[in-house]
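Q: When you get a sec, could you give me coordinates for this:
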Amino acid sequence: MFFKTFGWSFVITAAALVTAFFYGGVEALILCAILGVLEISLSFDNAVVNARILEKMSPFWQKMFLTVGILIAVVGMRIVFPLVIVGVTASINPIEALQLALEKGDPDEPGSYGYLLHEAHPQIAAFGGLFLLMIFLDFMFEDRDIRWLRWLETPFAKVGKINGASLIVGLGALLAAGALSDPSHTTDVFVAGAAGLITYLLVTGLGDMFDVDGDGDFDADDVEARAPKSGNGALVKATGKAAFMLFLYLEVIDASFSFDGVIGAFAITSDPIIIALGLGLIGAIFVRSLTVFLVKQGTLDEFVYLDHGAHWAIGALAAILLLTIEIEINEVITGLIGVVFILASLTSSIVRNKRAAKSAGASKDPVYTN
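A: Residues are numbered from 1 along each chain as shown. The predicted structure is shown next:
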């Protein structure tokens, strides 16, 4: 099971490292490996969230996530996205932005590719931070039977009873981010942050169109209920629409998670080829394989606190992105926070399962009476 799921990831990793070696020698190979590890460490929480969504999708759409989705992740977010950002920031066309990228200029040098991308960081951080914050808040504000950090999640659930609580807090965070940012960035932060909020509300709103059981959650049951009971063509069409909305939501989330990795990569190298090989071919492929592994193994149902740990990691990443609008935070800290939350929630889940098994075993022990 492990090698079947991760086999292609290891093959592609080896191919990426070999390509990096022939492209730039030992130094390029080492940088490529570092970027791959960076992306994987930053994306454990991403894999958990992806898995929860992916398990609601049919095998066809799971394959779409691993094929079309990986193209979006590698080509779109790791190559095209930085070029677009640099093009908009420097008011140049994509071809000029690509030429600038291939020059491999020093990120500290004004006018270089890395420098321009770093200059656009406030907008990127505001968009990604607000989008991820809304995911965190919607999860925490929901009243759940299972709670991990009860002393924090119980008050969150109480606040969630207020209509529009997530949006209220999100707007408050946007106002704070804009007010505390450098005056030269304030307008950009407000616009980008508002775009992040609107994107989240739009994607989740479209998903609610398929919510037929009134639970406010777009899930696999809604897909089945929407599907007509007669006519294979109609059934495929209805399922396809619902699955497409899940796929769209999944891709937007996946893209938001990649912001910190893309920006952080320029602290290591400004070479777009090495970044594409390390973040895209190694990091993104492994994250997808990990996502599929979690789905096939049923890990999220077995370790019930993983969802909670992943969303706390999302909340931490959202806060870090918003703070980095004005404060420099080392990428190692960003990566470790996510790993700590995931490992802590996994450990708590294992302890819970052992206690439950011990309790179940004790209840089955025969009772002897004189």
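
Q: Can you name the next helix or strand after the helix or strand harbouring Ala33?
A: Using DSSP states H and E, Ala33 sits within helix 2-42. Scanning forward in sequence from helix 2-42 by DSSP H and E, the next helix or strand is helix 44-54.

Q: mind listing what the closest residue to Glu153 other than its chain neighbours touches?
A: Counting by C-beta to C-beta, 6 or more residues apart in numbering, the nearest residue to Glu153 once its immediate chain neighbours are dropped is Arg147, at 4.4 Å. Bear in mind the C-beta positions are built from the backbone N, C-alpha and C, glycine included. Shown in contact with Arg147 (C-beta atoms under 8 Å, 6 or more residues apart in numbering): 153-154, 157, 308.

Q: of the residues you listed, buried ones?
A: 153, 157, 308 (16 or more other C-beta atoms under 10 Å).

Q: The first one and Glu142 touch, don't they?
A: By that I understand Glu153. No - taking contact to mean C-beta atoms under 8 Å, the distance of 9.7 Å between Glu153 and Glu142 leaves them out of contact.

Q: Which strands or helices does the helix holding Ala33 pack on?
A: Helix 2-42 makes packing contacts with helix 232-265, helix 272-275, helix 285-297, helix 331-364 when contacts are defined by 3 or more C-beta pairs under 8 Å, 6 or more residues apart in numbering; DSSP states H and E.

Q: ok, 10 Å please
A: In terms of contacts (3 or more C-beta pairs under 10 Å, 6 or more residues apart in numbering; DSSP states H and E), helix 2-42 is packed against helix 44-54, helix 232-265, helix 272-275, helix 285-297, helix 331-364.

Q: Would you reformat these as JSON lines and include mean neighbour count and mean pLDDT?
A: Converted to JSON lines, the helices and strands packed on helix 2-42 look like this (neighbours: other C-beta atoms under 10 Å; pLDDT from 0 to 100):
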{"stretch": "helix 44-54", "mean neighbour count": "24", "mean pLDDT": "76"}
{"stretch": "helix 232-265", "mean neighbour count": "20", "mean pLDDT": "63"}
{"stretch": "helix 272-275", "mean neighbour count": "24", "mean pLDDT": "80"}
{"stretch": "helix 285-297", "mean neighbour count": "21", "mean pLDDT": "80"}
{"stretch": "helix 331-364", "mean neighbour count": "14", "mean pLDDT": "80"}
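
Q: Among the ones you listed, which comes closest to Phe6?
A: helix 285-297 (4.9 Å; C-beta to C-beta).

Q: Make JSON lines out of the helices and strands packed on helix 2-42 and add distance to Gln99.
A: As requested, the helices and strands packed on helix 2-42 are arranged in JSON lines below (distance: least, C-beta to C-beta, whole Å):
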{"stretch": "helix 44-54", "distance to Gln99": "32"}
{"stretch": "helix 232-265", "distance to Gln99": "19"}
{"stretch": "helix 272-275", "distance to Gln99": "11"}
{"stretch": "helix 285-297", "distance to Gln99": "28"}
{"stretch": "helix 331-364", "distance to Gln99": "27"}
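
Q: Those helices: which one's closest to Lys161?
A: Proximity to Lys161 (C-beta to C-beta) singles out helix 44-54 among the helices and strands packed on helix 2-42, at 23.7 Å.

Q: what about the helix or strand just after the closest one, average pLDDT?
A: Heading C-terminal from helix 44-54, the first helix or strand you meet, by DSSP H and E, is helix 59-71. Per-residue pLDDT values over helix 59-71 give a mean of 79.

Q: So which of the helices and strands packed on helix 2-42 is nearest Phe3?
A: Relative to Phe3, the nearest member of these by C-beta to C-beta is helix 285-297, separated by 10.7 Å.

Q: looking at the helices and strands packed on helix 2-42, which is closest to Leu197?
A: Comparing the helices and strands packed on helix 2-42 by their distance to Leu197 (C-beta to C-beta), the top pick is helix 232-265, with 12.2 Å.

Q: among the buried ones among the contacts of Arg147, which are in helices?
A: Using DSSP state H, the members of the buried ones among the contacts of Arg147 that fall within helices are 153, 157, 308.

Q: wait, doesn't the second one sit right on Met140?
A: So that's Ala157. Yes - contact criterion C-beta atoms under 10 Å: Ala157 and Met140 qualify, at 7.5 Å.

Q: Specify which member of the contacts of Arg147 is nearest to Gly87.
A: Using C-beta to C-beta, the contacts of Arg147 come closest to Gly87 at His308, 39.6 Å.

Q: What about the closest residue to the closest one other than its chain neighbours, how many residues nearby?
A: Taking C-beta to C-beta, 6+ apart, and ignoring the residues beside it in sequence, His308 has Trp148 as its nearest neighbour in space, at 3.8 Å. A total of 21 residues lie near Trp148 under the criterion other C-beta atoms under 10 Å.

Q: residue contacts, Trp148?
A: Trp148 makes contacts with 304-309, 311-312, 341, 344-345, 348-349, 352, as judged by C-beta atoms under 10 Å, 6 or more residues apart in numbering.

Q: Just the buried positions in stretch 149-165, please.
A: 149, 153, 156-157, 160, 165.

Q: What are the contacting residues of that stretch?
A: When contacts are defined by C-beta under 10 Å, 6+ apart, stretch 149-165 is touched by residues 136-144, 146-147, 166, 168-171, 305, 308-309, 311-312, 341, 344-345, 348.

Q: Send over stretch 65-80 as PDB, restricted to the C-alpha atoms.
A: Once side chains and other backbone atoms are set aside, the C-alpha atoms of stretch 65-80 remain, and they are given as PDB (Å, rounded to 0.1, in the frame of the first residue of the first chain):
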ATOM      1  CA  PHE A  65      -6.900  15.900  -8.300                       C
ATOM      2  CA  LEU A  66      -3.700  13.900  -8.900                       C
ATOM      3  CA  THR A  67      -3.500  14.800 -12.600                       C
ATOM      4  CA  VAL A  68      -5.100  18.200 -13.500                       C
ATOM      5  CA  GLY A  69      -4.800  19.200  -9.900                       C
ATOM      6  CA  ILE A  70      -1.000  18.600  -9.800                       C
ATOM      7  CA  LEU A  71      -0.600  20.600 -13.000                       C
ATOM      8  CA  ILE A  72      -2.400  23.500 -11.400                       C
ATOM      9  CA  ALA A  73      -0.200  23.100  -8.300                       C
ATOM     10  CA  VAL A  74       3.100  22.800 -10.100                       C
ATOM     11  CA  VAL A  75       2.700  24.900 -13.200                       C
ATOM     12  CA  GLY A  76       0.000  27.300 -11.900                       C
ATOM     13  CA  MET A  77       1.200  28.100  -8.400                       C
ATOM     14  CA  ARG A  78       4.900  27.400  -8.500                       C
ATOM     15  CA  ILE A  79       5.700  28.900 -12.000                       C
ATOM     16  CA  VAL A  80       2.800  31.000 -13.400                       C
END
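
Q: Many thanks, we can stop here.
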